[in-house]
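Undergrad: pasting a predicted model and its sequence here:
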Amino acid sequence: MTNSIEITKAKTSKIQDVDFENLSFGKIFTDHMFTCDFKNGEWQKPEITPYAPLTLDPSARVFHYGQAVFEGMKAYKDDAGKIWLFRPEDNLARINKSAERLAMPAFPHDLFMEGLKKLINIDEDWVKPGFGNSLYIRPFVIATEPAIAASPALEYKFLIICSPAQSYYSGDVRVLVAEQFSRSANGGVGFAKAAGNYAAQFYPTSLANQEGFQQIIWTDADTHEYLEEAGTMNVFFRINDTLITAPTSERILDGITRKSIIQIAKDADINVEIRPIKVSEIVEASKNGSLKEIFGSGTAAVVSPISAFSHKGELFEVPKQDDKYSDKFKNLLNGIQYNTLEDPYGWRQSI
Ligand SMILES: *Cc1c(COP(=O)(O)O)cnc(C)c1O
């Protein structure tokens, strides 16, 4: 088996039909995709081919037992036209950790990095410069083996697809603190970027939407007393000048944005506490005026400020803040990502 990537270029590009000023997230995909099949116990010849639908047997196990994991990452273009990735090896490590939990095979490091960089190079015109513009990259793995026995598949497909993205203003984000539903539990798959985690969130989130909340802050499954994640983002609280976030665990996803923010905050001499956070503590802080900020963190928006939360029918507004930590972190991270600031951490990688 050879690892050299076989490349088949698209005959024509779709790019001239795309309105890059009015992109809705995740609907338009670039001209090419990366694929690699797992069969007979090993990864087969990787390919870059024109973006196209897949043909799968209806008995492919992904449809029945949900063996599917994914990642979300971005490429950024600087004003000189150079393209950058942000901590891409961490995404690979995480997809392999997710895969292991779902009894799926790990994908090789060198093949991932080479496939990713070649794919982006081929579709480089799809990465637009300017703050906010990026290429959203979606690596994922699905169980393709046609057999509906309830056991791990013997065949898989690894893919990378890419979608041009703009920064979007999410508006006022109000969240509902979960009192009944949970997204994860001890011993479960909360730490994995498993497709099924998202499927299970849609229903409770749609109920919250009907009540006028955009997202749910997930609490621990046992007591609903501890704050864990906001929607599909990690969550930070600022009480006075202390930044607090829950420790990662088998329930909480180890976000790359989260750990980058923790590092940046520590280096800016901000007091950071990584510890379990009780709902009652945030309610109390809100009442006594020491709660300054709540924000989610994730690749898509970097930070997403939360303006209010509801708990047991009571609404708590987060007061407007002039000197927001969330703005500071977003600016610093964007500066590193778009190559306008120095990167003392070595997080940025050119392609
Ligand atoms: C992807 C994800 C995050 C954010 O991770 P990043 O690496 O920062 O993008 C947080 N929580 C959940 C549940 C996620 O799926």
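TA: Perfect, I can see it now.

Undergrad: you'd agree Cys162 is in a strand?
TA: Yes - according to DSSP: H, G, I helix; E, B strand; the rest coil, Cys162 belongs to a strand.

Undergrad: for it, list each beta-bridge partner.
TA: Ile137 (DSSP bridges).

Undergrad: assess the claim that it and Ile120 are in contact.
TA: Yes - if you go by C-beta atoms under 8 Å, Cys162 and Ile120 touch, sitting 7.0 Å apart. The C-beta positions use only the backbone N, C-alpha and C, and glycine is treated the same way.

Undergrad: looking at those two, which is more packed in?
TA: Neighbours per residue (other C-beta atoms under 10 Å) separate Cys162 from Ile120, with Cys162 holding more: 28 against 22.

Undergrad: contacting residues around the more buried one?
TA: Phe29, Thr30, Met33, Ala75, Leu119, Ile120, Asp123, Trp126, Leu135, Tyr136, Ile137, Arg138 (C-beta atoms under 8 Å, 6 or more residues apart in numbering).

Undergrad: again, but for Lys117
TA: By C-beta under 8 Å, 6+ apart, the contact list for Lys117 reads Leu85, Ile351.

Undergrad: host element of it?
TA: Take DSSP states H and E as the rule and Lys117 turns out to sit in helix 109-122.

Undergrad: list the buried ones in that helix?
TA: Of all the residues in helix 109-122, those buried under the rule 16 or more other C-beta atoms under 10 Å are Leu111, Phe112, Met113, Glu114, Gly115, Leu116, Lys117, Lys118, Leu119, Ile120, Ile122.

Undergrad: nearest residue to the third one in space, please, no chain neighbours.
TA: Going back to what we said before, that points to Met113. Closest residue to Met113 apart from its sequence neighbours, by C-beta to C-beta, 6 or more residues apart in numbering: Pro88 at 6.9 Å.

Undergrad: returning to that earlier point: save the buried residues of helix 109-122 as TSV, and put in distance to the ligand too.
TA: Output for the buried residues of helix 109-122, formatted as TSV (distance: C-beta to the nearest ligand atom, whole Å):
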residue	distance to the ligand
Leu111	21
Phe112	16
Met113	17
Glu114	22
Gly115	20
Leu116	16
Lys117	19
Lys118	23
Leu119	19
Ile120	18
Ile122	24
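
Undergrad: so is the helix ranked longest in the chain next to the ligand?
TA: For the chain, the longest helix by residue count, based on DSSP state H, is helix 195-210. No - contact of helix 195-210 with the ligand (C-beta under 6 Å from any ligand atom) is absent, the minimum separation being 6.5 Å.
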